[in-house]
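K.L.:
Sequence plus predicted model, see below.
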Amino acid sequence: MPRWKALPDELDPQVKEFTTQLRRLVDRGGLSVAALSDRTGYSRTSWERYLGGRLLAPKGAIVALAEVTGTDPVHLTTMWELAERAWSRSEMRHDMTMEAIRISQARAALGEFGAPPAPTATGAGGKTPQRAPGAVATGIAGPAGVSPTIPPQPAAPDADRPGRAGAGGRIPAAPHGPTPPGGDRRRRLTMFLAGAVGVAVVVAGVLFLTGNGADGRKDQGARSSATPSAVAATGLPAGVKCAGAGCTGKDAETMGCSGDLVTTAKTVGVGAATLEVRYSRTCGAAWGRITGAARGDSVRVTAGTVTERGDITATGDTIAYTPMVAVKDAAAAKACVTLASGRTGCTP
């Protein structure tokens, strides 16, 4: 039975090649996943995801693997940089696909607001009555763009008195005469008001479906602020439990923002530790992480006036995360580390 499972077919070729190279290094070093975890400081679960193609390994893990297997870290990190770009492109395509799905769902739902077509009046035998000479069209388009017309009305002694039934119990039509002054103006005003009401209904439907109504003005001030508003939960991928401001102060893994939805936006080495800014575009949030660290080391992430902090308090722990902060993009977040030795460092 093969040691490694086949990589996902949808994995980008560049990422697939990089992951295959990682597997070769592990095999060449004769390492089990458990041993790899012990010697690099990254959890067994994380390495299973890295080597299974479900998550791109961070740069710190790659450097640690190179040290453990005696591999030149320069060449390995070069492959990692190419793989990370490919991974980011895949995430962008995923986001665009999700956006297209949400737009399609909104368009389909908006169809419920449309008024049903008006039925065409028919005469005896189901035929559309024809307009008599001199008859005036009603102004409502019928089938194939032909305006329905008013059929000739039977003459009656009291036809000049609207409201009284003539022969056969039918109400005869009022005689046609010249359009009274101002009739066209009133008709245009009526049509304008009807159109305005229709537009208002459609706009209200869009705001309701996209969560931009009174209870969730997502776009209002979002582009001008470093902290975006929360996205409606119904528009998030399965498993993702927050977005934007709703993620601030929460754990990335618990809220479903890690895994395939995260990238390493910034990396810097500080002593033996690797400091990173982790970013999830789907969740609209970032957080800080340190790897290869030791007890007493701490990491914090800042976005605008919001700062979150994570610490290593147990002996043997080498990784620490901060809670998330909402950001409009990865550039808005900055991570800093303070080592137990007193040494400090920050990402750009």
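P.N.:
Perfect, I can see it now.
K.L.:
any low-confidence regions in the protein?
P.N.:
1-2, 91, 93-97, 112-234, 313-316 (pLDDT under 70).
K.L.:
Quick check: which helices or strands does the longest helix seen in the chain pack against?
P.N.:
Ordering each helix of the chain by length in residues (DSSP state H) puts helix 73-110 first. On a contact count with 3 or more Cβ pairs under 8 Å, 6 or more residues apart in numbering; DSSP states H and E, helix 73-110 meets helix 13-28, helix 59-69, helix 183-210, strand 263-270. (Glycine included, C-beta is placed from N, CA and C.)
K.L.:
Pull up the gap between A100 and R107, please.
P.N.:
11 Å (Cβ to Cβ, to the nearest Å).
K.L.:
typo on my end, T282
P.N.:
Applying Cβ to Cβ to T282 and R107 gives a distance of 22 Å.
K.L.:
again, but for D251
P.N.:
Distance from D251 to R107, by Cβ to Cβ: 36 Å.
K.L.:
Looking at the two, which is more packed in?
P.N.:
The neighbour comparison of D251 against R107 (other Cβ atoms under 10 Å) goes to D251, with 15 against 11.
K.L.:
pretty sure the more buried one contacts P323?
P.N.:
Yes - counting by Cβ atoms under 8 Å, D251 does reach P323; the two are 6.2 Å apart.
K.L.:
Skipping its backbone neighbours, what lies nearest L275 in space?
P.N.:
Closest residue to L275 apart from its sequence neighbours, by Cβ to Cβ, 6 or more residues apart in numbering: V337 at 4.6 Å.
K.L.:
cool, C247 as well?
P.N.:
A285 (4.0 Å).
K.L.:
for that neighbour, phi and psi?
P.N.:
Main-chain torsions, A285, degrees, to the nearest 10: phi -150, psi 160.
K.L.:
Beta-bridge partners for it, please?
P.N.:
S280, A326 (DSSP bridges).
K.L.:
List the contacts of it.
P.N.:
A285 sits next to 242-244, 247-248, 252, 257, 279, 324-327 when contact means Cβ atoms under 8 Å, 6 or more residues apart in numbering.
K.L.:
Could you measure from the residue nearest to L275 over to G60?
P.N.:
12 Å.
K.L.:
V268: neighbouring residues, count only.
P.N.:
The burial count for V268: 17, using other Cβ under 10 Å.
K.L.:
Distance check, it against R107.
P.N.:
Distance from V268 to R107, counting by Cβ to Cβ: 45 Å.
K.L.:
try V240
P.N.:
Going from V240 to R107 by Cβ to Cβ gives 23 Å.
K.L.:
Can you get me a residue count around K16?
P.N.:
The burial count for K16: 17, using other Cβ under 10 Å.
K.L.:
Hmm, it is touching M79, no?
P.N.:
No - the pair K16 / M79 is not scored as a contact, 11.7 Å apart, by Cβ under 8 Å.
K.L.:
Surely D72 touches L65?
P.N.:
No - between D72 and L65 there is no contact under Cβ under 8 Å: 11.8 Å.
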